[in-house]
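need a 3D model of the sequence below.
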Amino acid sequence: MHGRREDCRITPKSARNVTEMQSEGRGALSKFLGAHSDIAGLLPITGWEIFFYLVPLVFLLIISFWLTEDYRVIANWNLENYRRVFTDPIIRVAFWRSMVISITTLVATILIAYPFAYGLVFKIERKYRQLILIAIIAPFWTNYLLRVYSWYIILGDTGVINQFLLNWGIVHSPVKILYTHVATRIGLLHFLVTVMILNLYGTLDNVDKSLIEAANDLGAGPIKRFLHVTFPMSLPGLAVGSVFVFIFSFADFIAPTVLGGGTKPVYSQMVVDAAHWTANWPLASALSMVMLVVVMLFLLFVFRITRVQRKG
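Numbering: from 1, shown residues only. Take a look at the predicted model:
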């Protein structure tokens, strides 16, 4: 026993060996990070994404296959939640209502933002652009919920729009705008048009003007120059802006709740109701996973179309 204790002692030689091994390990790590500096630079953000996004996402995926009994989550593996997502008529109607709102909001956003961004780049002098961009970004300085409630006041029966229509005799009774999904779209547009304009502005501002001049020298008119030069080169910004607009409009529940009134619920409200009111976390997780899949499919579709258009 005495000899065995002596064998376990840390001698100066063994301590020196441990120190040398640690130094060699640090040296090897330093050499690896130096040879792969691009990977080393991504480690902090990668770790952040894994810990704060991937881990919760995996947790949501797992509990989406569980059940809730008496307001308690039971680890009973099954597909009941997904069956309910795809067969419940209320959820199905809410899903397609969200899709319609998202797509129509996206189309309206493009129709408003693209001409504005195009004019800002090609028609406005550069010295005035900064002032206009500040005016565009200014709404972001206020809270999104406050902006939604400002539209609540504007669109109400006694709001600015109805008072204007009544005072000028255009209508004889207030127009029902608030608590409809027209109001929902207006609230979303107020927020998302700015997002689309900024994405398009960054892309259009980087369009090589010499290509447009070359097309003009070859006899191409304004429409041909736009269709064959400007528009194809603006597709990356249009694609990124479209993805942002679709994600925000499909996942937002504030505008549908405050401006839409909640009488015709959208898909995001189904998620909130399942988590908040019924405490059915597995169902809310299943709804969220389906939402994530829809967003990913839309992202793949948009970038696929963009890649085909640019190759063509």
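
number of nearby residues for P256?
For P256, the neighbour count with other C-beta atoms under 10 Å is 28. C-beta: built from backbone N, CA, C; applies to glycine.

so who does it touch?
By C-beta atoms under 8 Å, 6 or more residues apart in numbering, P256 lies in contact with I101, H181, T184, G262, P265, V266, S268, Q269.

list the contacts for the last one?
Contacts for Q269 were tallied using C-beta under 8 Å, 6+ apart; they are A94, F253, P256, T257, G262.

am I right that it falls within a helix?
Yes: counting by DSSP: H, G, I helix; E, B strand; the rest coil, Q269 is part of a helix.

now do it, the pLDDT please.
The model reports Q269 with a pLDDT of 94.

kindly report the same for the fourth one.
Predicted confidence (pLDDT) for G262: 79.

now go through the contacts of Q269 and say which are in helices.
Counted as lying in helices by DSSP state H, out of those, are A94, P256, T257.

would you check which pair of the contacts of P256 lies furthest apart?
Greatest spatial distance among the contacts of P256 (C-beta to C-beta): I101 and G262, at 13.7 Å.

between these two, who's got more neighbours?
Neighbour count, other C-beta under 10 Å: between I101 and G262, I101 has more, with 23 against 14.

could I get the buried residue list for the strand or helix carrying that one?
Counting by DSSP states H and E, the element that carries I101 is helix 89-122. Within helix 89-122, the residues that count as buried by 16 or more other C-beta atoms under 10 Å are 91, 94-95, 97-99, 101-102, 105-106, 108-110, 113-114, 116-118, 120-121.

pLDDT (mean, whole number) over stretch 212-220?
If you average the pLDDT over stretch 212-220, you get 88.

give me the contact list for that stretch.
With C-beta under 8 Å, 6+ apart as the test, stretch 212-220 has contacts from K224, R225, H228, V229, T230.

just stretch 147-154 next, same as before
For stretch 147-154, the surrounding residues in contact (C-beta under 8 Å, 6+ apart) are 139, 159-161, 178, 183, 186-187, 190-191, 254-255, 258-259.

repeat for stretch 111-120
Identification of contacts with stretch 111-120 by C-beta under 8 Å, 6+ apart yields 129, 132-133, 189, 193, 196-197, 200-201, 204, 230, 234, 238, 241.

many thanks, have a good one.
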